[in-house]
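**Q** With the input below, show me the fold.
(3 chains)
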Amino acid sequence: MSVVLEVSGLSKSFGGVQAVDGVSFAVSAGELLALIGPNGAGKTTCFNMLNGQLKPDSGEVALAGRRITGLPPRVVARSGVGRTFQITATYGSMSVRENVQTALIAGHHGEWSLMGKATDKHQAEADALLDLVGMRDQAARACGVLAYGDLKRVELAVALANEPRLLLMDEPTAGMAPNERIALMDLAAEIAKSRSIAVLFTEHDMDVVFQHADRVIVLDRGKLIAEGTAPEVRANPQVQAVYLGTGTTYGAAG
Amino acid sequence: MEFLVIQSLNGLASASSLFLVASGLSIIFGVTRIVNFAHGSFYMLGAYIAVTIIAAIGGQDALGFWTGILLAALIVALIGALVEVVILRRIYAAPELFQLLATFGVVLMIQDITLAIWGPEDKLGPRAPGFRSFVMIMGSRFPSYELFLIVVGPVVLLALWLLFNRTRWGTLVRAATLDREMVGALGVNQRLLFTSVFMFGSFLAGLGGALQLPREAVTLHMDLAMITEVFVVVVVGGLGSITGAYLAAVLIGLVHAFGIVLFPKSTLVLAFLVMAIVLVVKPYGLLGRKPSGHAARGQAIPEPLLSPADRPTKLLGAAVLAVLILLPPFLGDYGVTFMTELVIFALFAASLHFVMGPGGMHSFGHAAYFGLGAYGAALAVQWLAAPMAVGLLISPLAAGLAGLLFGWFCVRLSGVYLAMLTLAFAQIAWATAFQWVEITGGDNGILGVWPSEWAKPKLVYFYLALALAGAGIMALRHLIFSPFGFALRASRDALLRAEATGLNVQQLQWAGFTIAAVLAGLAGGLFAFFKGSVFPTYLSIPKSVDALLMVLLGGVQTVSGPIAGAFVFAGLEEQLVRITAYWRFVLGLIIVLLVMLFPKGLAGSVLAWRERQSGDRS
Amino acid sequence: MTNPLLSVRDLHAYYGRAHILQGVSFAMAPGEVVALVGRNGAGKSTTMKTIMGLVPVSSGDVAFNGQPIAGREPFEIARRGLGYVPEERRIFSELTVLENLAVGERPPRPDAPRWTPEQLFVLFPNLGRMRERPGGQMSGGEQQMLTIARTLMGNPKLVLLDEPSEGLAPVIIEEMAKAILKLKTEGLSVLICEQNLHFARLVASRALVMEKGVIRFDGAMETLMTDHSIRERYLAV
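**A** Reported below is the predicted structural model:
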């Protein structure tokens, strides 16, 4: 499998506190890599350096061999990175289909077009994406009235609109019920495999992580302390000490 | 050297009052999230009331004078509490622009109340006992009262710091600034806290006004003059930062002190330049921080679906258009004139709706572009002897250029920051028209801006206005549903999401801002030839508020609402002026009542009613 | 229940036009720890907010300590001894740990455990090591502890805990569970809204299952955990 995202020596400090300290890892096409670690370990900082919201102090981020370090979010997006947000972000004044169409317009560099109606653009492509995430039958509904799980699916379709090579998912299942969590990640995994998209996600639900991640990396105090398959990471005493605990608060899945 | 020192001291002295008022505004905003437009009015009241009290109790001795100053500030605090309890308390849940509008209603009411009580003449206060002498500084006589004022600023700053960091009340206020709902859930009586904060902020404003007595005459224009400067100070210092407000007040005070000597005609433009430089370097002001957390999200009002007009609305639109085309020949001159004004205001309102609704940028100074369009045309006629056609071409161009320039700064901010900045820009445009007498004629305006011969008949000019305004409105409507319009709306609905799909949000907003300016400029140009003259009032705050009224009460969430709003409100002010000398009071009262009764806007209420009629469409 | 601490009867509430609570009824005895579970959008958070006065009651009764509290302002309800810990933590980010605690401070009441910052630092040792740190510079786990500690400063009799484990590392969730059990031994009642059943099982003896705005199951936690059919029907797990 080809490497899609390659991160090397990524570092960032805030006011003397080393939030991320020399982190290196890679994600391949079709692979789901989970980034876990205690609260405050630097996961969000790390994530925000990948999507362009933060500039790293040092280190490199490469997408399919091309350097994207420190580029602004919209340029990172244009170079083939889709993302979903921890707090779902959709366009509230638009219908489900219009949300996807707007993302497609952006993906096709059509946002400066003053001619024609936006709702006439990329209809077939939008419907195909909605089919993919199972939201076609709710295409005309307003995003504001959707159930939370459905909103997450719309967001996934929007994130896929510019045919990303890498999908960044920040706590994708936060605020969802257990059954919805599994369904959403099943869907994401299936899409990633069939389209050869590399997926990097942060997550606190260990049931989700151990069931869906091909590999897991663990961050603690800004440093990468473990890397491996789910069973390997689970068995790692250091990870148990700083993060997993005794295992009483998550299920036996995985 | 002597000049430097003396002017620096002058600057520091004027900074103190500015700081008192600005810190009050900042504290009130922090907790209530309301940008209190009436804060300048409290400042003015402080001055007027002090004049009266000191005269009544005899302010020749120190005790009488200082008691008067303090009493005036306390009375203003009580007036502030009254305004909070009667009006603001009922609209804390309304959208922020409605709140701003309501406080502007209070401004209008206080203006007329002040006029009724104290009359139109300027008042002169007594000099401060004990500070009537001069101090020799580097061979110049410097008023000792100014030195006293210089000390007041830092002393108040220190007192505020102690109050907020060393008392329970201060801790609660800071907590409420960050998350007021949570403070209530922890057992703190929010109402009492809000009222006390509002009282305290008003007290500071009243004190600032009263302390100005020995320095300058008390006039009816103090309110808006002060609030504009305070907005500049707060934006420069960083909203919510008291220390920032002090630094900014000093900065602006110094700019004024030197500007008034070096460039007497461009003091406000200088303040603008300072503000511009600060905002380029620090978009949230000297000591401000990007709003974050729970407070930043504020009241999230879910936007309803924006969809093209349905059949009944289209039919209604067609009917209105038919009436507009067919009716005027049967009307007299007055009727035609009235309808011309209607269609021009409809375009003005539609352009503001475009920037506020789909653009998501809350402009409180849209009259700048209307007025610059009008002045563009008038100046072309006056100085280039340009015919009407050229004038009407220059209008949108001039306004568009201003939109391009001001918009560049504005799109770097959002929410109330942006609203205050747009207002400050509008005041600068107004000041330029007002102060640059050689070119603009100042307060006398420019006369003789008449249409070309063929368009002179009132009916012909009406059809010209209808054609251009109609074309402008249709163009805006088309844009809203174009890919560009969707990208703009996406940027408003979810900024991070829009960026994450590759949209350049700032550039899109800049373009949207400029487009709105261009069409407001066209409306201004049409208005100039319609009236045959232009005046600085075209760029004034009340003119901006007119447009806001049309848009907000018509409904920012629909495309046709603002046009309806324009039709309803265009004549209102004119009619009020005819009926009563105290039209400001009546208009202010109407605004306040409308906001209190329809906190979601008239169209919002209609929309809710229609949804109830058609059942839950979801 | 003879003398319930909290009793909710046929509670209805709307969010905008959405009818979220459609007749919620349950009661809690003093000293109980009860878990409120259910799918997303079932109305768990709204139940808490409505009890707390943050969402208006459209109809129904809420009684706390035998006194009706429906329609009261949040601050009045809080002063009667009802503590609320919201989701998303909502600490005052620019206030220090001690200042955050100070905002929550209320006079002691005779019938509830009394808390001081020092006692809370024993319960949450992490907080004691960062007394002067602004809330915004704390990790998610530390913030969650602070938000609970802040509510305890009001010396409540009953605490409503909304999703305390959300977004937290498993080790921190374990600490949280220990702290809640400690509170229980102090005599505090807790109503806890939770997605994580494993965690709920650690702390609660009784469970309420919500679906579409009503309570569908009210019984022992162990029954819920062992009866697969109930979980399948209402929780789909």
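
**Q** What is the neighbour count of A:A183?
**A** 18 (other Cβ atoms under 10 Å in any protein chain shown). (C-beta placed from N, C-alpha, C; glycine too.)

**Q** nearest spatial neighbour of it, skipping sequence neighbours?
**A** Using Cβ to Cβ, 6 or more residues apart in numbering or on different chains and skipping residues adjacent in sequence, the residue nearest A:A183 is A:G149, 7.3 Å away.

**Q** is it true that that neighbour lies in a helix?
**A** Yes. Counting by DSSP: H, G, I helix; E, B strand; the rest coil, A:G149 falls inside a helix.

**Q** How about the contacts made by it?
**A** By Cβ atoms under 8 Å, 6 or more residues apart in numbering or on different chains, A:G149 lies in contact with A:176-177, A:180, A:183-184, C:40.

**Q** Tell me if I'm right that C:L152 and C:W115 touch.
**A** Yes. The pair C:L152 and C:W115 passes the contact test of Cβ atoms under 8 Å, sitting 4.6 Å apart.

**Q** how much space between the residue nearest to A:A183 and chain B?
**A** A:G149 sits 16 Å away from chain B, taking Cβ to the nearest Cβ, to the nearest Å as the criterion.

**Q** What mean pLDDT does the longest helix belonging to chain B get?
**A** Assignment by DSSP state H gives helix B:2-32 as the longest helix of chain B. The pLDDT scores in helix B:2-32 average 90.

**Q** Which residue is the nearest non-sequential neighbour of B:W118?
**A** According to Cβ to Cβ, 6+ apart, the nearest residue to B:W118 is B:Y48 (5.4 Å).

**Q** Just to check, A:L5 is in contact with A:R66?
**A** No. Contact criterion Cβ under 8 Å: A:L5 and A:R66 do not qualify, at 10.8 Å.

**Q** and the residue nearest to B:L178 when sequence neighbours are not counted, what does it touch?
**A** Take B:L178 and drop its neighbours on the chain: the residue closest to it by Cβ to Cβ, 6+ apart is C:F92, 4.6 Å away. Residues near C:F92 by Cβ under 8 Å, 6+ apart: B:174-175, B:178-179, B:182, C:99-100, C:103, C:135.

**Q** can you do 10 Å?
**A** Counting by Cβ atoms under 10 Å, 6 or more residues apart in numbering or on different chains, C:F92 touches B:171, B:174-179, B:182-183, B:186, B:293-295, C:99-100, C:102-104, C:134-136, C:146-147, C:150.

**Q** Just the ones of those in helices?
**A** Checking the contacts of C:F92 against DSSP H, those in helices are B:171, B:174-178, B:182-183, B:293-295, C:99-100, C:102-104, C:146-147, C:150.

**Q** And those, which of them are buried?
**A** Among these, those buried by neighbour count (16 or more other Cβ atoms under 10 Å in any protein chain shown) are B:171, B:174-178, B:182-183, B:293-295, C:99-100, C:102-104, C:146-147, C:150.

**Q** For the residue nearest to A:A174 when sequence neighbours are not counted, grab the count of nearby residues.
**A** Of all residues not flanking A:A174 in the chain, A:Q86 sits nearest, at 5.4 Å (Cβ to Cβ, 6+ apart). A:Q86 sits with 16 neighbouring residues when counted by other Cβ under 10 Å.

**Q** And B:V274, by the same measure?
**A** For B:V274, using other Cβ under 10 Å, the count is 17.

**Q** and the gap between it and B:V281?
**A** B:V274 sits 11 Å away from B:V281, taking Cβ to Cβ, to the nearest Å as the criterion.

**Q** where does A:K121 fall, phi/psi-wise?
**A** phi -90, psi 140 (degrees, to the nearest 10).

**Q** likewise the one 5 residues further on?
**A** Listed backbone geometry of A:A126 is phi -60, psi -40, with angles given as degrees, to the nearest 10.

**Q** What distance do you get for it to chain C?
**A** 26 Å.

**Q** Verify the stated contact: that residue with A:H108.
**A** No. Using Cβ atoms under 10 Å, A:A126 is not in contact with A:H108, being 11.6 Å away.
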